[in-house]
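Enquirer: the following block contains a protein sequence and its predicted model.
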Amino acid sequence: MPRRYDAKKFDIKHLRATAEKCKNWGKWGPDDEAGTLNYIQPEDIINAGKLIKRGKAFSLGLNFDKFGPQKGLWGNRFNPIHTMLATGTDAVAGNQDKGGLRYADDMVSLPLQCGTQWDALGHIFYDDKMWNGYDARLVDSNGAQKNGIHMVKDRMIGRGVLLDMARHVGKPFLEDGTAITNDDLDACAKAQGVEIKRGDFVIVRTGQMEQRLDSGEWGGYAGGDAPGLAFETAEWIHKKQIAAICTDTWGCEVRPNETDDASQPWHWVVIPMIGITMGEIFYLRDLAADCAQDKVYEFMFFAPPLQVTGAVGSPINPQAIK
């Protein structure tokens, strides 16, 4: 059962040993920029389509607006700024009539990882390298010359599996600092009667987002303490050969971190060493409720990134179709 992390913290030696153990560099050739998305084969996508029985789609995306979770706790991230460039007020006032067309138009400014999003493989570095051994300096002021999100623009399609950890343990949400272990993931899958397979998009629900939405206050959601995956789950991810890992939290891994020697140590391993694409800030309330009702925790999953050339992340509106 998930528990608050209170064991002795590990050191940098354990982090680096795990990183080497899970290292996938070169597995798909020296030029690869897709990582574990390579596990998805054409037949996997065909079989994912066969999971659609009711034609019911669930959006797993949080609205992109000024009410989002960014409170300035992490870097320069802020909530989306939506600006109207032309409005119905302009039209009715006759300000557009010279052009012969009345219309509305708008724009949005946002950090690409401020809401529901993918982390690209160029997002996190291990020392001076990123996924597949590419030099970290290949991500420069012009963007990612390697491992940019645009390189996987047609790869986020396949079988999705929800692991509803909060409901599994009979709680509306897991408390901040609660670590989800390998045994927890396996026990949840077994209880739900679902098998984790190679090439799956595994989505873990902690209930943290729903708790914050219901309270009307994000607090430290984006950068503070959180329930999440224990560091040891990097080895679970590596062994299971899943395509991607996603959660309803800001950073997937448990916070406070399990070491004082690195920030976000799980990130150090899973993105640059395993090569897994990570989804964060997923909205799971509706999907989880439906899965609990019909006891079906697998579905077709579809979540293409925006084709922002050289970006190290992308906003998305993921879809689970049952």
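Expert: That came through, no problem. Residues are numbered from 1 along each chain as shown.
Enquirer: what's the domain layout of this protein?
Expert: 3-74+112-321, 77-110 (automatic domain parsing).
Enquirer: gap between the two ends of stretch 190-209?
Expert: 25 Å (CA to CA, to the nearest Å).
Enquirer: for that stretch, buried residues please.
Expert: 192, 194, 196-197, 199-209 (16 or more other CB atoms under 10 Å). Bear in mind the C-beta positions are built from the backbone N, C-alpha and C, glycine included.
Enquirer: what kind of secondary structure is the residue lying farthest from the centre of the chain in?
Expert: What lies farthest from the middle of the chain is K98; by CA atoms, centre = their mean that is 46.7 Å. Three-state call for K98 (DSSP: H, G, I helix; E, B strand; the rest coil): helix.
Enquirer: if we can go back for a sec, mind checking which of the buried residues of stretch 190-209 land in helices?
Expert: Secondary structure assignment by DSSP state H places 192, 208-209 of the buried residues of stretch 190-209 in helices.
Enquirer: coming back round to it: and which of the buried residues of stretch 190-209 is nearest F231?
Expert: Taking CB to CB as the measure, F231 lies nearest V204 of the buried residues of stretch 190-209, at 14.8 Å.
Enquirer: pretty sure the closest one is touching G160, no?
Expert: No: counting by CB atoms under 8 Å, V204 stays clear of G160, with 11.6 Å between them.
Enquirer: got the contact list for Q113?
Expert: Listed by CB atoms under 8 Å, 6 or more residues apart in numbering, the contact set of Q113 reads 77, 119, 123, 280, 313, 315.
Enquirer: distance-wise, check the closest residue to the fifth one other than its chain neighbours relative to A311.
Expert: In other words, G313. Distance criterion CB to CB, 6 or more residues apart in numbering; nearest residue to G313, sequence neighbours excluded, is Q113 at 4.0 Å. Q113 is 9 Å from A311, where distance means CB to CB, to the nearest Å.
Enquirer: quick check: the residue nearest to G313 vs I81, distance?
Expert: Plainly put, Q113 is 15 Å away from I81 if you go by CB to CB.
Enquirer: please apply the same query to L110.
Expert: The gap separating L110 from I81 is 7 Å, by CB to CB.
Enquirer: which one's more surrounded, the two?
Expert: L110 (18 against 11; other CB atoms under 10 Å).
Enquirer: thought that one was touching N76?
Expert: No: counting by CB under 8 Å, L110 does not reach N76; the two are 11.5 Å apart.
Enquirer: export the contacts of Q113 to CSV and tack on secondary structure?
Expert: Formatted as CSV, the contacts of Q113 follow (three-state DSSP):
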residue, secondary structure
R77, coil
D119, strand
H123, coil
E280, strand
G313, strand
P315, strand
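Enquirer: nearest to G61, of those?
Expert: The shortest approach to G61 among the contacts of Q113 belongs to P315, at 8.2 Å (CB to CB).
Enquirer: now do the contacts for the closest residue to that closest one other than its chain neighbours.
Expert: Closest residue in space to P315, ignoring its immediate chain neighbours: Q117 at 5.3 Å, by CB to CB, 6+ apart. Q117 sits next to 279-281, 313-316 when contact means CB under 8 Å, 6+ apart.
Enquirer: could you dump those to TSV with pLDDT?
Expert: Shown next, in TSV, are the contacts of Q117 (pLDDT from 0 to 100):
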residue	pLDDT
G279	98
E280	98
I281	98
G313	98
S314	98
P315	98
I316	98
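Enquirer: in those residues, find the pair that's most separated.
Expert: Pairwise distances across the contacts of Q117 peak at 12.3 Å for I281 and S314 (criterion: CB to CB).
Enquirer: helices and strands of the protein: which one bottoms out on pLDDT?
Expert: Lowest by mean pLDDT, DSSP states H and E among the helices and strands of the chain is strand 3-4, with a mean of 64.
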